[in-house]
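1. sharing a model prediction with you, sequence too.
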Amino acid sequence: MSLPRVVAVTRGSPAARAGLLPGDEILAMAGQVPRDIIQYQLLADEPDVEFDLRRGGLELTATITRDGGEPLGLEVDAALFDQVRTCDNHCEFCFIYQLPKGMRKSLYVKDDDYRLSFLYGNFTTLTRFTEADLERVVTEGLSPLWVSIHATDPDVRAHLLRNRRGATSLRWLRALLDHGIEVHGQVVVCPGINDGDVLADTFIGVLDQYPELATVACVPLGVSRYTTEASMRAHSQSEAAAVVDMVEEWQPVFQQALGRRVVFAADEYYLVAGRPFPPTDAYEGLLQHENGVGMAAAFESAFAGRTTPAAGAVGGFFRSVDGAPAEGYRATRSAPGTVTLRPRRGAPAAVLTGEYGARVLGPLVAPLGARVVPVRNDFFGGNIAVAGLLTGADLARTLSDQPHGHRYLLPDACLSGGLFLDGMTPGDLPRATEIVPADGASLRAALLR
């Protein structure tokens, strides 16, 4: 077990007043050794908190005193201080198995940790969940959680996860729901495996066995050119349309039985099927916005000024924990100082995005005199066409053919900590780029500057 290390102290905060410094290692809080940021937060939820610290080889004690509700003003270096619970499934559709060699080591870590589900909205299969985990989730109210379902048929689920515990681990989903934990589900739909009748059977299973589920998102299989699984392939247009049809046929059934739609199809299905997106209110609060469900409708609504970005959406990403580091969906996206050459005022504007995003943004930005530059994802290949998986190499290739002197706007969704997935930075690109938050209101404001 590693010790949490202080990486930042807010000026004027209770932690600063108590003398804590970046680099301090936290040995204990109130006499207990915290194992993760969740326990850290619980221990810190007192007016006076005693910290045992190690600084430069010396051990010391500091007491932080604060007013009710005042943040400590600390940021530590990790969300989990003990070992991340890794995934022991071997899903043939797992995207981590489809990554090329030579990328950052952190990208190859397969987690199946319920704590990261709570903190960041990561999906867990529950195959490594235990009675002790259930007790902690219930006792500490770690809700909502995000669970990969894929199929409610035990044999199909075990096949998809390539783990015999996949046949039985949804018993933990039932236990979580029995204890009032809010859970959002996900089904990665693999053509010929868990679509068609199997998907219909999964919807029946949700209605019959897990009706308390808040939402269930159907997301399409992503296939890169590095996959070694012969049975994994992208959806055809007709297969995507069949998933959309099934979701929309079942939504009234759930509505009548439970008073809500429950099941939703990811935006990618509508794009591949060539179908229009449902209106924003059809997504019932955009509860799976970060999973690509209703993202396009929310973007268009925010771009038009009808709503605020991702209005109503909740999830791990939105459950800010005092002191939690910038990881996962909460990682710093924009990289300050990336615009090195400012084009002249009034220069033509172009928005860089993935091939799917281009189909959404094109009609929106054209009336403002801007154009969209689709970026083909050669790095991953396959059917990977979302902005969040763009790499510096593909952006550089595309920009090299674009004229000088134009404004190039890039959504921050393709950055994490200021880096693209291939380790390049915006400063490595052949044209100056402006990093813009990936929501409609921010893009419109940037175009009107």
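-> That came through fine.
2. residues making contact with whichever strand or helix holds Cys218?
-> Using DSSP states H and E, the element containing Cys218 is strand 215-220. By C-beta atoms under 8 Å, 6 or more residues apart in numbering, the residues outside strand 215-220 that reach it are 149, 184-189, 199, 203, 206, 234-235, 240, 243, 247, 262-266, 268-269, 272, 284, 287-288, 291-293, 383. The way it works is simple: take the backbone N, C-alpha and C, and place the C-beta from them, glycine included.
3. distance from stretch 230-244 to the middle of the chain?
-> Taking C-alpha atoms, centre = their mean, to the nearest Å, the mean C-alpha location of stretch 230-244 is offset from the chain mean by 23 Å.
4. what sits up against it?
-> Residues contacting stretch 230-244 (C-beta under 8 Å, 6+ apart): 92-93, 189-193, 195-196, 199, 218, 220-221, 223, 265, 268-270, 272-275, 382-383.
5. picking up where we left off before, among the contacts of strand 215-220, name the ones in helices.
-> Leu199, Phe203, Val206, Ala240, Val243, Val247, Glu268, Tyr269, Val272 (DSSP state H).
6. run a quick neighbour tally on the second one.
-> Neighbourhood size, Phe203 [other C-beta atoms under 10 Å]: 22.
7. please apply the same query to the last one.
-> The tally of other residues near Val272 (other C-beta under 10 Å) stands at 23.
8. who are the contact partners of it?
-> Val272 neighbours (C-beta under 8 Å, 6+ apart): Pro220, His235, Gln237, Ala240.
9. just the closest of those to Asp428, please.
-> The closest of the contacts of Val272 to Asp428 turns out to be Pro220 (C-beta to C-beta; 31.0 Å).
10. run a quick neighbour tally on the closest one.
-> 24.
11. please renumber the chain so that the first residue is 17 from this point on.
-> Taking 17 as the first residue, the last one we looked at is Pro236.
12. check what pLDDT Glu62 gets.
-> Listed pLDDT for Glu62 reads 86.
13. does it count as helix, strand or coil?
-> coil (DSSP: H, G, I helix; E, B strand; the rest coil).
14. show me what contacts it?
-> By C-beta under 8 Å, 6+ apart, the contact list for Glu62 reads Ala46.
15. how near is it to Val25?
-> Separation of Glu62 from Val25 (C-beta to C-beta, to the nearest Å): 19 Å.
16. where does the protein have low pLDDT?
-> Regions of the chain meeting the criterion pLDDT under 70 cover residues 17, 324-361.
17. same thing but 50
-> Residues of the chain meeting the criterion pLDDT under 50: 327-336, 345-346, 351-357.
18. tell me which stretches of it form strands.
-> Taking DSSP state E as the test, the strands found in the chain are 22-25, 41-45, 64-71, 74-81, 90-92, 161-164, 199-205, 231-236, 279-281, 365-370, 387-391, 423-427, 450-452.
19. could these go into JSON lines alongside distance to Ser317?
-> Converted to JSON lines, those look like this (distance: least, C-beta to C-beta, whole Å):
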{"stretch": "strand 22-25", "distance to Ser317": "35"}
{"stretch": "strand 41-45", "distance to Ser317": "43"}
{"stretch": "strand 64-71", "distance to Ser317": "43"}
{"stretch": "strand 74-81", "distance to Ser317": "43"}
{"stretch": "strand 90-92", "distance to Ser317": "33"}
{"stretch": "strand 161-164", "distance to Ser317": "24"}
{"stretch": "strand 199-205", "distance to Ser317": "21"}
{"stretch": "strand 231-236", "distance to Ser317": "19"}
{"stretch": "strand 279-281", "distance to Ser317": "16"}
{"stretch": "strand 365-370", "distance to Ser317": "18"}
{"stretch": "strand 387-391", "distance to Ser317": "19"}
{"stretch": "strand 423-427", "distance to Ser317": "17"}
{"stretch": "strand 450-452", "distance to Ser317": "17"}
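20. closest to Ser133 out of the ones you listed?
-> Using C-beta to C-beta, the nearest of the strands of the chain to Ser133 is strand 161-164, at 4.8 Å.
21. list the contacts of Glu316.
-> Glu316 touches Phe293, Thr296, Val376, Leu380, Gly456, counting by C-beta under 8 Å, 6+ apart.
22. what about it, distance to Thr26?
-> 37 Å.
23. now do Gln418
-> 41 Å.
24. tell me what Val391 is bridged to.
-> Gly370 (DSSP bridges).
25. what's the burial count for it?
-> Applying other C-beta under 10 Å, we find 24 residues neighbouring Val391.
26. now for it: which residues touch it?
-> Contacts of Val391 were listed using C-beta under 8 Å, 6+ apart, and they are Leu368, Thr369, Gly370, Glu371, Leu406, Asp410, Leu411, Thr414.
27. counting neighbours, what do you get for the first one?
-> Applying other C-beta under 10 Å, we find 28 other residues in the vicinity of Leu368.
28. do the same with Val49
-> Count around Val49 with other C-beta under 10 Å applied: 16.
29. quick check: phi and psi at it.
-> phi -90, psi 110 (degrees, to the nearest 10).
30. with adjacent residues omitted, what lies nearest to it?
-> In space, Val49 comes closest to Leu43 once its chain neighbours are excluded; the distance is 7.1 Å by C-beta to C-beta, 6 or more residues apart in numbering.
31. thought Leu74 was touching the one you found, still the case?
-> No. Taking contacts as C-beta atoms under 8 Å, Leu43 lies outside contact range of Leu74: 11.5 Å.
32. ok, those two, which is more surrounded?
-> Neighbours per residue (other C-beta under 10 Å) separate Leu43 from Leu74, with Leu43 holding more: 15 against 7.
33. that one and Gly73: what is the separation?
-> 13 Å.
34. same question for Ala365.
-> Ala365 sits at a distance of 54 Å from Gly73 (criterion: C-beta to C-beta).
35. higher neighbour count, these two?
-> Between Ala365 and Gly73, counted using other C-beta under 10 Å, the more crowded position is Ala365 (20 against 5).
36. so what's that one up against?
-> For Ala365, the contact set (C-beta under 8 Å, 6+ apart) comprises Val381, Leu384, Gly385, Ala386, Arg387, His422, Arg423, Tyr424, Leu425, Leu463.
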